[in-house]
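1. dropping the sequence and predicted coords here.
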Amino acid sequence: MRIGLLGFGVVGRGVYELTAAREDMQVAKVVCLEDVTLPDAEVTRDFQSILNDDSIDTVVEAMGGLHPAYEFVRAAMEAGKHIVTSNKALVATFYDELMPLAQEKGLSFRCTAAVGGGIGWLSELERSRRAQKLEQVRGIMNGTCNYVLDSMARLGLDYGEALKQAQSLGYAEANPSTDVEGIDTWHKTILSANVAFGISVNREQVPVCGIDKILAEDVAAFAEHGMVCKLIGAATRGETGISACVQPTLFAKGTLEAAVPANYNLITFRGESSGIMSFYGQGAGRYPTAYNVVQDCVDLLEGKGFYSPYGEKTEVSNQEEMCYYVRGEEDAWLAEHTREHWGSGVITDLVPVQQIHSWRKAHPNAFLAALPEGE
Ligand code: HSE
């Protein structure tokens, strides 16, 4: 396999290093803006040089962001090159264009590193759906948010300091608001649901609430009640259709989720035969992510395409009800639904997921977190 590598940042450099000693694949050209010299690969700023090189059969995209990643990947596919990418924003956003194109052209398209960093999550969903119907995907999917929440809860760091540390460790996206506002988890949730259920969820109907409004006083109120907050992306296929959302969620101390430290991810599927299966590992960082890119390249050499056939656009309903912790911006609706007070926040009675996310859109400075079932 001769690879054209797009990007030489955290992930791209890792891919170059991990492939350097392999005989079955070789990074032949690198497109990047940095001034680097490599002993065994041509470095260029000109993407056309990869596009027009017939000896390059596979493009590994590790640039991140939507543009020009989308234009480059699309052009590479039009030119008949296979794709491996770690870019969840790209795949989740252009799913309805890139998947049919890959199918039509008979190209492999793999993106295991896009969800869960070094965890073999999408590749396990691919295996799992061969043998059973998947009912739910759910978990901690963003290393930066987990690092921030864990540092606040365990070490008493304030939000800004914890985020700075996550950035300096290379976990955060170029624009960290993508992490803390939940957008990164949103992309990963959409992609997981699409693969698990063989559909294309209507992503505009998947609400997202991040952790950017959390305060030390919220964390203290949760601790007083024996709870820890995590950012959770979840999608469920039930009798009434698909539910999916991204939201801070409380877990009782002693549960698996509550114990997840630092930048680690914990992602779980529920299948009709297997029941619950959880996957734990480093969800971000150079080598874990590059490791899964290399795994995808090996899968590609073995002829694997995408994880599931492209499925039709599917509506999301979110009619199930949950109780929430909410702090800030009290109004008549919140007063009507308040069951008790926790510090400066309130606990609501059961409210539909769709409804509380609509309320939050109108109150963007409020912080909310779903309570565990039965609380
Ligand atoms: N910014 C992402 C995270 C990188 O923190 O999880 C891995 O997708």
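-> Here it is on my side, so go on.
2. how about the residues of the stretch 101-250 of the chain that lie near the ligand?
-> Contact residues (C-beta under 6 Å from any ligand atom) of the stretch 101-250 of the chain with the ligand: Gly117, Asn142, Gly143, Thr144, Tyr171, Ala172, Glu173, Asp179, Asp184. In short, each C-beta sits where N, CA and C put it, glycine included.
3. one more time with 8 Å
-> The interface of the stretch 101-250 of the chain toward the ligand, taken as C-beta under 8 Å from any ligand atom, is made up of 113-117, 141-147, 166, 171-173, 176, 178-179, 184, 188.
4. correct me if wrong: Ile356 contacts Glu321.
-> No. Applying C-beta atoms under 8 Å, one finds Ile356 not in contact with Glu321, separated by 9.4 Å.
5. between these two, who's got more neighbours?
-> Set side by side, Ile356 and Glu321 show more neighbours around Ile356, with 27 against 13, by other C-beta atoms under 10 Å.
6. report the contact partners of the more buried one.
-> Met322, Tyr324, Val326, Thr348, Leu368 (C-beta atoms under 8 Å, 6 or more residues apart in numbering).
7. give me the local confidence score for it.
-> The score at Ile356 is 97. That number is its pLDDT.
8. any idea how far it lies from Trp342?
-> When C-beta to C-beta, to the nearest Å is applied, the distance between Ile356 and Trp342 equals 16 Å.
9. can you map out the strands along the stretch 251-375 of the chain?
-> 264-271, 275-282, 313-314, 321-322, 324-327, 338-342, 345-348, 351-352, 367-370 (DSSP state E, counting those that start in this stretch).
10. tell me what the first one is packed against?
-> The helices and strands touching strand 264-271, judged by 3 or more C-beta pairs under 8 Å, 6 or more residues apart in numbering; DSSP states H and E, are helix 121-128, strand 134-140, helix 143-155, strand 275-282.
11. contacts for stretch 207-220?
-> In this structure, residues lying in contact with stretch 207-220 by C-beta under 8 Å, 6+ apart are 145, 148-149, 152-153, 156, 158-159, 177, 179-183, 185-186, 229, 231, 245-248, 318, 325, 327-328, 343-345, 353-354, 357-358, 360, 365-369.
12. now the buried members of the residues you listed.
-> Neighbour counting over these (16 or more other C-beta atoms under 10 Å) leaves 145, 148-149, 152-153, 159, 179-183, 185-186, 229, 231, 245-248, 318, 325, 327-328, 345, 353-354, 357, 360, 366-369 as the buried ones.
13. how about Ala41: what's its closest non-neighbour residue?
-> Computed as C-beta to C-beta, 6 or more residues apart in numbering, the closest residue to Ala41 that is not its neighbour in sequence is Val27, at 4.9 Å.
14. and the one you found, what element?
-> Using DSSP states H and E, Val27 sits within strand 26-31.
15. which stretch among the helices and strands packed on strand 264-271 comes nearest Asp299?
-> Asp299 lies closest to helix 121-128 among those, at 7.0 Å (C-beta to C-beta).
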